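Asker: compute the structure for the input listed below.
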Amino acid sequence: MPDPGDALAAAEGSPPRARTAPDGSILQSTPSSRGLAASSEQLGIHTVNVSALEPWILQDVCNAEECKTDKFLAYLLQRVSESPGSFDETLLNKCLDAVLPFCNGEAGSDPAGLSPLIRNALTEYAKASNNALKHLKTLEIKGMRTSPSEGIDMFFQRNDPNGITQKHSGEKKTLRKPDLVILPFTEGSKHFKIGNKKIDRDTYIKDHTHEAGKSVYWKDLLSVAEFKWEKTPKMGPPPATYSRQNYAAPTPEFSKAKSDGSDADMDAEMEPPEIPHSSQANAAEQASAGLSTPATSGAGSKRPSEGDADVRSSKRIKTGDTPENKPPTRQPGGAVQTALYGAEMFTATLAVNHIINFTVRNDVIWMWYYDRQRVISVGGINFIQDLPRFLVLLYALQRFKLEDWGRNTEFTPQEKDDKIESYAFTAGGMDFVAHFADKERVTQFGMKGRGTDVMKVTSKQLEEKYPEKTKGGMVGKFYWGEEARDSEKSILQKVMKVTADDVQGHVPDLLFAHQFSVSTSTIRKTLGLEDPDRGSRTLWFLVFPKLFPITRLQGDELFSAWRQCVLCHYALWNAGIHHRDVSPANLMYYRRDDTNRTIVGVLNDYDLASLASQKSPLGNERTGTIPFMAIDLLDPDGQDGKLKHLYRHDMESFIWVFVWICFQYKGGSFQPRAPLHEWAKDNASGCVDKKRSFLAVPRYPEDLAIRTKRRVQDLVDFLSRQHSTRNGRKRSLERADTRLTEAQDRADPAPMIKMLKDEVEREELTLVEKPDHVFFEAFMQVIDFGKVADVE
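Answerer: Residues are numbered from 1 along each chain as shown. Have a look, this model is predicted:
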């Protein structure tokens, strides 16, 4: 299998290509995450739109695990069997035999309304698939669920050109147009109305699912399918009779994406041609209109409403910023578009376990399984040549319960006006309400990674248990933590044992913690995928008293809260607890109930923290917020985990955070034309270039308050001096090493060689890391007295 990184050698401005450490290298820290998990950390930063993050999902697609089709079909069938806890691969053959009569027009099925529709016209894909579901609904196979799951009863519905919008952190919106959606049938559903007239389900599905239906929300969808059509499709005729045969892989077996986001192994692709929207347009009329080639959607003409400046359709994808910040656009392939739809579906409901989506190209359908560990790409099924396997797939999906579709049924949604207001659930014997519509909710856009979702929560039991701590409100944090790491709960328990004054009152007060019994490694073990535990994740729920973001502060109050966080961080570092993720989002504050309403800074968010006692890096990949990471950690060796994460790296992050807040905010409000906003839109290498340029020639906003400007200047000069000195010593070592190599090549006398070796050793000593306390003491000299000294 080719290195997925080869597909990521994209143009400048695109996300960094994954690098592989040389054989024998030893990781000094956890490598940084690639893909959407890394970039989604920046979604909460003002000026960063969701569209700026889209190219990163390409890496998640390119790095997908691959699973053979029959293995995955057997897994799906096991889920809908009467014994879902045990894996039985013989189920597949049993089900293939059971659907053969339907494929061949036997058992009362109508082949003219089943396989030919699928084979001949994708314009009829929804109608044909729904017709197949109608027949499969009555199919009984021993040992399997006997009928469609109550309350779901899935059906296919054309969606494009309808757009589906969704708000993200910072009031950002997206507009996407999946070609086909899978919806559940519910009594009184708005989908079964034409105008004000309600029609029965069977009539609606027979006559109206092939045309765009009513507008839907991402929360309503069970799955989506995206269609692509080659200009010169290669499609063979169907067999005269279907029989159970061994799986024959299509070409390509697995759907892949190229470095520009288009689908690999495909002729120049085009969107399927438009089909008539009128329910009166039948297959014959479409054929006479020259539309007999497969299609499910057209270009679509629906545009964002006025004022929705951030709304963006996924039919175009950004590839990189130009100097004028006018990104070029191109047509993404089905693999990338389908993944973007998956990311939307993760955001739309709470604590989603997984998503199963589909891409269709010509006569082949591919399955995609998304969860917080990695993407799983499933081999394709040619539904013309291998109609039995396609019907087995539909048979399994038809019998899915909500949890099989990936919904977390431990959380019960409470809706108002067709929107989710909250979720009610029980955890650890306590009842909670998570306020999903909370305007201050903070979430991430993506699939792989922590998927952190923070919102207001209420619980009478917790409020009665901690009346003083909860009087200002509570927030709940849902996140998928790596199982190989110490949990945030265990880290915070160690934090609370640190009695230093700089820590007490300056760390979050954990009121409640619960780990749900779910692991992303389970499916990978069942499927027999390689290294199933690598990066496996589990769902956590934590509750804290409500805090406020430090970005709301300014002047002396901002400086005081920030300084308190610096002191807290160092005290914890000395106690062996290394935070390693300093960013504005993780610096919070509250006010004491004293006469002066004193500001108290809080160092928040410990799910990426590590313990000094750990002998080797834990976890699979770490994520961080690129604009605030130390330059060393953004360089290639830092991204690959070849550099040890040191105190001075977090110290540098504190400086970048302070500079960012002072430059980008005024009076506690974000300034849309602030000077550093491009830092948040770049990849690691691009951000390094911008930071080095800034340190070389810093430019300060003209309206910066004089005291704040002096503080920023002191910190910038301090950081610039450290980098300049260290870089100068690196160059001196390189020159000494070159002179030694040259002398050895010339076979100079031994005394000369020894002298040059001694010089190299002296230069190496200048780069030996100094103790943490040396950096901290020099840092505090700058903070408290404005004294800029050389640490290096």
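Asker: list phi and psi for the residue positioned nearest the centre of the chain.
Answerer: Geometric centre of the chain, nearest residue: residue 446, 2.2 Å, by CA atoms, centre = their mean. When read as degrees, to the nearest 10, the backbone of residue 446 gives phi 170, psi -170.
Asker: what do you get for residue 433?
Answerer: Dihedral angles for residue 433 - degrees, to the nearest 10 - are phi -130, psi 120.
Asker: who touches residue 377 in this structure?
Answerer: 61, 64, 65, 66, 67, 254, 255, 256, 366, 368 (CB atoms under 8 Å, 6 or more residues apart in numbering). (C-beta placed from N, C-alpha, C; glycine too.)
Asker: what does residue 421 give?
Answerer: With CB under 8 Å, 6+ apart, residue 421 has these contacts: 414, 415, 435, 436, 437.
Asker: what's around the third one, how many residues?
Answerer: A count of nearby residues for residue 435, using other CB atoms under 10 Å, gives 18.
Asker: spatially nearest residue to it (excluding sequence neighbours)?
Answerer: Among residues not flanking residue 435 along the chain, residue 456 sits closest, at 4.2 Å (CB to CB, 6 or more residues apart in numbering).
Asker: got it, and the second one?
Answerer: Nearest residue to residue 415, sequence neighbours excluded (CB to CB, 6+ apart): residue 421, at 6.4 Å.
Asker: the residue nearest to residue 435 contacts residue 437, doesn't it?
Answerer: No. The criterion here is CB atoms under 8 Å, and residue 456 misses it with residue 437 at 9.4 Å.
Asker: looking at those two, which is more packed in?
Answerer: Neighbour totals were compared for residue 456 and residue 437, and residue 456 leads with 19 against 14 (other CB under 10 Å).
Asker: roughly how far apart are that one and residue 544?
Answerer: 11 Å (CB to CB, to the nearest Å).
Asker: identify the farthest-apart pair in the contacts of residue 421.
Answerer: Spatially, the most separated pair among those is 415 and 435, at 13.2 Å (CB to CB).
Asker: nearest to residue 181 among the contacts of residue 421?
Answerer: Using CB to CB, the shortest approach to residue 181 within the contacts of residue 421 belongs to residue 415, at 18.7 Å.
Asker: name the helix or strand for the closest one, please.
Answerer: strand 412-416 (DSSP states H and E).
Asker: is it true that residue 76 touches residue 393?
Answerer: Yes. With contact defined as CB under 8 Å, residue 76 reaches residue 393; the gap is 7.2 Å.
Asker: so where do the strands sit in the stretch 601-750 of the chain?
Answerer: Under the criterion DSSP state E, counting those that start in this stretch, the stretch 601-750 of the chain carries strands at the ranges 610-611, 665-666, 669-670.
Asker: same check on the stretch 351-500 of the chain?
Answerer: Assigned by DSSP E, counting those that start in this stretch, the strands in the stretch 351-500 of the chain fall at 355-361, 364-370, 375-382, 412-416, 419-427, 430-434, 442-443, 453-458, 474-482.
Asker: give me the pLDDT for the residue nearest to the centre of the chain.
Answerer: pLDDT recorded at residue 446 is 83.
Asker: now tell me which helix or strand of the chain has the poorest mean pLDDT.
Answerer: In the chain, no helix or strand scores lower on mean pLDDT, DSSP states H and E than helix 283-288, which sits at a mean of 26.
Asker: mind telling me which of the strands of the stretch 351-500 of the chain the model trusts least?
Answerer: Mean pLDDT, when computed for each of those, is lowest for strand 442-443, at a mean of 88.
Asker: so how far is that one from its chain's centroid?
Answerer: From the chain centre to the centre of strand 442-443 is a distance of 12 Å (CA atoms, centre = their mean, to the nearest Å).
Asker: where does this structure dip in pLDDT?
Answerer: Filtered on pLDDT under 70, the chain yields the residue ranges 1-54, 107-123, 170-171, 186-196, 232-233, 266-331, 615-624, 789-792.
Asker: excluding its backbone neighbours, what's nearest residue 337?
Answerer: residue 226 (4.9 Å).
Asker: quick one: that neighbour is in a strand?
Answerer: Yes. Residue 226 sits within a strand when classified using DSSP: H, G, I helix; E, B strand; the rest coil.
Asker: who's it bridged to?
Answerer: Bridge pairing for residue 226 (DSSP bridges) gives the partners residue 359.
Asker: please apply the same query to residue 540.
Answerer: residue 479, residue 515.
Asker: how much space between it and residue 512?
Answerer: 11 Å.
Asker: kindly report the same for residue 427.
Answerer: Taken as CB to CB, the span from residue 427 to residue 512 is 8 Å.
Asker: can you give me the strands for the stretch 51-200 of the chain?
Answerer: Using DSSP E, counting those that start in this stretch, strands in the stretch 51-200 of the chain cover 65-67, 155-158, 164-168, 172-176, 180-183, 193-194, 197-198.
Asker: endpoints of stretch 226-244, how far apart?
Answerer: Taking CA to CA, to the nearest Å, stretch 226-244 runs 28 Å from one end to the other.
Asker: go through it and flag the buried ones.
Answerer: By neighbour count on 16 or more other CB atoms under 10 Å, the buried set for stretch 226-244 is 226, 227, 228, 229, 235, 238, 242.
Asker: okay, the strands of the stretch 601-750 of the chain in TSV with mean neighbour count and distance to residue 595 next?
Answerer: Formatted as TSV, those follow (neighbours: other CB atoms under 10 Å; distance: least, CB to CB, whole Å):
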stretch	mean neighbour count	distance to residue 595
strand 610-611	18	39
strand 665-666	18	28
strand 669-670	14	28
